[in-house]
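# Output the structure for:
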Amino acid sequence: MSKGFASSYRIVLLGTVLLACLGGLAVRLVWLHVVNRDELLGTITKVRHQLITETARRGDIFDARGAILATSRATSDIVVDPSFLRPQDEPKWSELARLINLPELELRRIMTTKFWTPVPATPAAPLVFAVSSGGPIAATESPAESVSEEEQHDGAADATGRRPIQWAKLREDVPDELYREIEKLGIRGVYREVGYRRAYPSNQLASHIIGYVNRAGDPGAGIEAYADFYLRGQNGWRVGERDGRNRELAQFRSREVPRVDGYNVTLSLDLIVQDIVEQELAAIAEKFRPLKATIIVSDPRTGFILGMGNYPSFNLNEYNKVPKDEQARMKNVAVADVYEPGSVFKIVAAAAALEERLVTPLHVFDCDLEMALNRDRGRMVSLPSEDHRMGELTVSEIISHSSNKGAAQLGLLLGEARLYDYTRKFGFGRTLGFPVGGEVPGLFAHYKKWVPIDITRITMGHSIASTVLQMHQAMTVIANDGVLLRPQVIKSITNASGAIVYRYGASELNQVISKESARQVAAMLMGVTTEDGTAKEAAIAGFDVAGKTGTTQKLIEELRADGSTRLVYSRKAHVASFVGFFPAGNPQVAISVIVDEAKMSTPSGVAYGRLVAAPSFKRVGERLIPILDIKSHHSAPVPPGFFATHKGGRL
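Numbering: from 1, shown residues only. Modelled structure (predicted):
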């Protein structure tokens, strides 16, 4: 008999269904919380519990006036965890691609690439990484795709050796407004990552000194690499949990270590001076089309570099765009390349002979001799050639006229051992401790390995190879009363609040010659820039300028008849240089200009130092006078005949 809806049959059926549901729920709860508890807890812990890193801000690099040379800018990137994506979100991918201005095919490639597999290296192929969205990929020499620095964060490998990709970048520098639009899509696994990216406001200015930091945060060269210990700071971290949208759940934080931002580094470089240097290098490049060129400006009283530039150069913000066949431009050739310094090197023999009291500035030599005695070897040796007859010259005139024969006779007076010792004291054949650029010691053999003629060639800057910085510092010995200083570019290290952590001061390497000898050489070098000297083009009105020209024939390979090669001096390829300082009586700035293989339009085609480098010295010097507040200082009168009395000489 029916009692309406509430019949006995329906009550029993409803109760059975309800009991079955409750029983199934009970079984599921027992399975989740008892039987499979440990495995599920491990999965949840792996997914939700995370070590969250708080990236430290890398310190800034400043010039001497406080201008920013390198800084860290906050970035907001859109990234994806492919392993965390849901199938139901796939229809939203096209809208995401539109918002971030990324081709949809590329977006789908990134979103569906969930694993990468290391491909073993073979003799024919380097180690690469294959990526896939499905099963394992066999090792091949040419995988379809390789893992990039945009897709490098991975978890533990599975049984097949594959590693899940848990981080891939979709777009950099996303504005807050755009991120809010992306967030509205609600795509699980797509989130924002806030960090820092290195930026160089002056682009290529001082690029060889500053260096760069790559996208992975690793320093590549320069101060960035040398001072990385101070600059990089210390990342903070905390143990916490994130929800399904990768949002941190602050209530579950358990341990936390705050980050420590990097220290700031202040350089001795002056951005204005550096700009003057690089503008002049650009002018040299346009006019002479050289293989390379270098200009160095420093304070000879402290050893601190005020400006150092090379041509060619590169943009620090686009370091990764330099073609492989042009990456030599990223090298700091001022300290990493060597050249024969040529006639500028004559200051070493002159200073040493004066210091040993073998000569005075007015001592006279016959500079038309063809042969002279090498007492160390007990034999006559030929003297180097001159452009034309010189006649009798004083030591001062040997310098101002750049006499090769005169310099050779000074070397023979010294003898091999003393010439070697003084050359080493001046800083040649050894590194000077410059902190960046891959400094090399140059090439300078021990005197016991010399051939008899070497002593007459080394004095004129042949049979020895130095860096531009070594020759520059040797000239500052004359400017700094005979003391060789370590070249430096870092002035101080400061913390985030501006307190000085460490301050650098002048660092003396050794006393090379006496103050008296240094001032005698400085007075002789003033004759170089007089009307009768070899480089009147370097003279600066109102200032006493001391300096020396150099024009060096480059060694090139010559093919012999038997098919072998030998090194010979080229008649066309030269290195032109001028190295000097001013005011001569109270030196405040030292400048070196070195130009390798300048193309000359003169009938001889020879790129003489007075024609190529000396005018650049003058232009740079004149522009530095108001910038560095250089005061005119005329030296004391010199004895009659101290300077050259007739024109001529090698340039």
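# Show me how the record splits this protein into domains.
82-188, 334-612 (automatic domain parsing).
# Just say which of these is most tucked in.
Highest mean neighbour count of the domains of the chain: domain 334-612, a mean of 20 (counted as mean count of other CB atoms under 10 Å). (Glycine included, C-beta is placed from N, CA and C.)
# what's the longest strand belonging to the chain packed up against?
In terms of residue count, the longest strand belonging to the chain (DSSP state E) is strand 565-582. Contacts defined by 3 or more CB pairs under 8 Å, 6 or more residues apart in numbering; DSSP states H and E place strand 565-582 against helix 468-479, strand 546-559, strand 589-596, helix 609-612, helix 614-628.
# the bottom helix or strand of this protein by mean pLDDT?
Within the chain, judged by mean pLDDT, DSSP states H and E, the helix or strand with the poorest mean is strand 128-132; its value is a mean of 37.
# So what's the model's average confidence on the longest strand of the chain?
Average pLDDT, strand 565-582: 87.
# Direction included, what does it pair against?
strand 546-559 (antiparallel), strand 589-596 (antiparallel) (DSSP bridges).
# Mind putting those strands into CSV with mean pLDDT?
Converted to CSV, those look like this (pLDDT from 0 to 100):
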stretch, mean pLDDT
strand 546-559, 86
strand 589-596, 98
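# Could you export those strands as a markdown table, including distance to residue 336?
What follows is these, written out as a markdown table (distance: least, CB to CB, whole Å):
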| stretch | distance to residue 336 |
| --- | --- |
| strand 546-559 | 18 |
| strand 589-596 | 13 |
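# Quick one, which of these gets closest to residue 407.
Residue 407 lies closest, by CB to CB, to one member of these: strand 546-559, at 11.0 Å.
# can you dump the C-alpha coordinates of that closest one into CSV?
Presented in CSV, the C-alpha positions along strand 546-559 are these (Å, rounded to 0.1, in the frame of the first residue of the first chain):
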residue,chain,number,x,y,z
ALA,A,546,107.2,66.9,-21.3
GLY,A,547,106.9,63.8,-23.5
LYS,A,548,108.3,61.5,-26.1
THR,A,549,107.3,60.3,-29.6
GLY,A,550,107.5,56.8,-30.9
THR,A,551,107.2,55.4,-34.4
THR,A,552,107.7,51.6,-34.4
GLN,A,553,107.9,49.3,-37.4
LYS,A,554,105.8,46.3,-36.7
LEU,A,555,107.1,42.8,-37.0
ILE,A,556,105.4,40.8,-39.8
GLU,A,557,105.8,37.4,-41.2
GLU,A,558,107.8,37.2,-44.5
LEU,A,559,107.6,34.1,-46.8
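# follow-up on the earlier one: now the domains of the chain in TSV, with distance to residue 207?
What follows is the domains of the chain, written out as TSV (distance: least, CB to CB, whole Å):
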stretch	distance to residue 207
domain 82-188	21
domain 334-612	11
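# lowest-confidence stretch among the ones you listed?
Across these, domain 82-188 gives the lowest mean pLDDT, at a mean of 68.
# hmm, back to that, of all the helices and strands packed on strand 565-582, which lies closest to residue 256?
Comparing the helices and strands packed on strand 565-582 against residue 256 with CB to CB, the closest turns out to be helix 468-479 (47.3 Å).
# how about the closest one as CSV, C-alpha atoms only?
Output of helix 468-479 as CSV, limited to C-alpha atoms (Å, rounded to 0.1, in the frame of the first residue of the first chain):
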residue,chain,number,x,y,z
VAL,A,468,100.5,50.4,-23.2
LEU,A,469,99.9,50.7,-19.5
GLN,A,470,103.6,49.6,-18.8
MET,A,471,104.9,52.4,-21.0
HIS,A,472,102.5,54.9,-19.5
GLN,A,473,103.6,54.0,-16.0
ALA,A,474,107.2,54.2,-17.0
MET,A,475,106.7,57.8,-18.1
THR,A,476,105.0,58.6,-14.8
VAL,A,477,108.2,57.5,-13.0
ILE,A,478,109.8,60.6,-14.6
ALA,A,479,106.7,62.7,-13.6
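# hmm, back to that, for the helices and strands packed on strand 565-582, give me JSON lines that also has distance to residue 387.
Shown next, in JSON lines, are these (distance: least, CB to CB, whole Å):
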{"stretch": "helix 468-479", "distance to residue 387": "22"}
{"stretch": "strand 546-559", "distance to residue 387": "10"}
{"stretch": "strand 589-596", "distance to residue 387": "20"}
{"stretch": "helix 609-612", "distance to residue 387": "13"}
{"stretch": "helix 614-628", "distance to residue 387": "17"}
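# what's the closest of those to residue 291?
Closest to residue 291 of the helices and strands packed on strand 565-582, according to CB to CB: strand 589-596, at 4.6 Å.
# what's the single longest helix in the protein?
Ranked by residue count, the top helix of the chain under DSSP state H comes out as helix 8-30.
# For it, what is the distance to the chain centroid?
Distance of helix 8-30 from the chain centroid (CA atoms, centre = their mean, to the nearest Å) equals 76 Å.
# Nearest to residue 72, out of the domains of the chain?
That would be domain 334-612 among the domains of the chain, by CB to CB, at 11.8 Å.
# what packs against the helix or strand hosting residue 282?
Assigned by DSSP states H and E, residue 282 falls within helix 271-288. On a contact count with 3+ CB pairs under 8 Å, 6+ apart, helix 271-288 meets strand 292-298, strand 305-311, strand 589-596, helix 614-628.
# got those as a markdown table, with distance to residue 483 columns?
A markdown table is the format used below for the helices and strands packed on helix 271-288 (distance: least, CB to CB, whole Å):
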| stretch | distance to residue 483 |
| --- | --- |
| strand 292-298 | 14 |
| strand 305-311 | 17 |
| strand 589-596 | 13 |
| helix 614-628 | 21 |
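# Of all these, which one is nearest residue 263?
Across these, closest to residue 263 is strand 305-311 (CB to CB), at 20.6 Å.
# Against which helices or strands is the helix or strand following the closest one packed?
Counting by DSSP H and E, the next helix or strand C-terminal to strand 305-311 is helix 333-336. When contacts are defined as 3+ CB pairs under 8 Å, 6+ apart, helix 333-336 sits against strand 292-298, strand 305-311, helix 468-479.
# Relative to residue 66, which of these is closest?
Ranking the helices and strands packed on helix 333-336 by proximity to residue 66 (CB to CB) places strand 305-311 first, at 15.0 Å.
# Distance from the closest one to the middle of the chain?
11 Å.
# thinking again about what came up before, out of the helices and strands packed on strand 565-582, flag the one nearest residue 540.
It's helix 614-628; of these, that one is closest to residue 540 (CB to CB) at 5.2 Å.
# For that closest one, C-alpha coordinates in PDB please.
Extracted as PDB, the C-alpha positions of helix 614-628 are listed here (Å, rounded to 0.1, in the frame of the first residue of the first chain):
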ATOM      1  CA  ALA A 614     101.000  64.000 -30.700                       C
ATOM      2  CA  PRO A 615      98.100  66.100 -32.000                       C
ATOM      3  CA  SER A 616      95.700  63.800 -30.000                       C
ATOM      4  CA  PHE A 617      97.800  64.300 -26.900                       C
ATOM      5  CA  LYS A 618      97.500  68.100 -27.300                       C
ATOM      6  CA  ARG A 619      93.700  68.000 -28.000                       C
ATOM      7  CA  VAL A 620      93.000  65.800 -25.000                       C
ATOM      8  CA  GLY A 621      95.400  67.800 -22.800                       C
ATOM      9  CA  GLU A 622      93.700  71.100 -23.700                       C
ATOM     10  CA  ARG A 623      90.300  69.800 -22.900                       C
ATOM     11  CA  LEU A 624      91.500  68.500 -19.600                       C
ATOM     12  CA  ILE A 625      92.800  71.800 -18.300                       C
ATOM     13  CA  PRO A 626      89.500  73.200 -17.200                       C
ATOM     14  CA  ILE A 627      88.000  69.800 -16.200                       C
ATOM     15  CA  LEU A 628      90.900  69.000 -13.900                       C
END
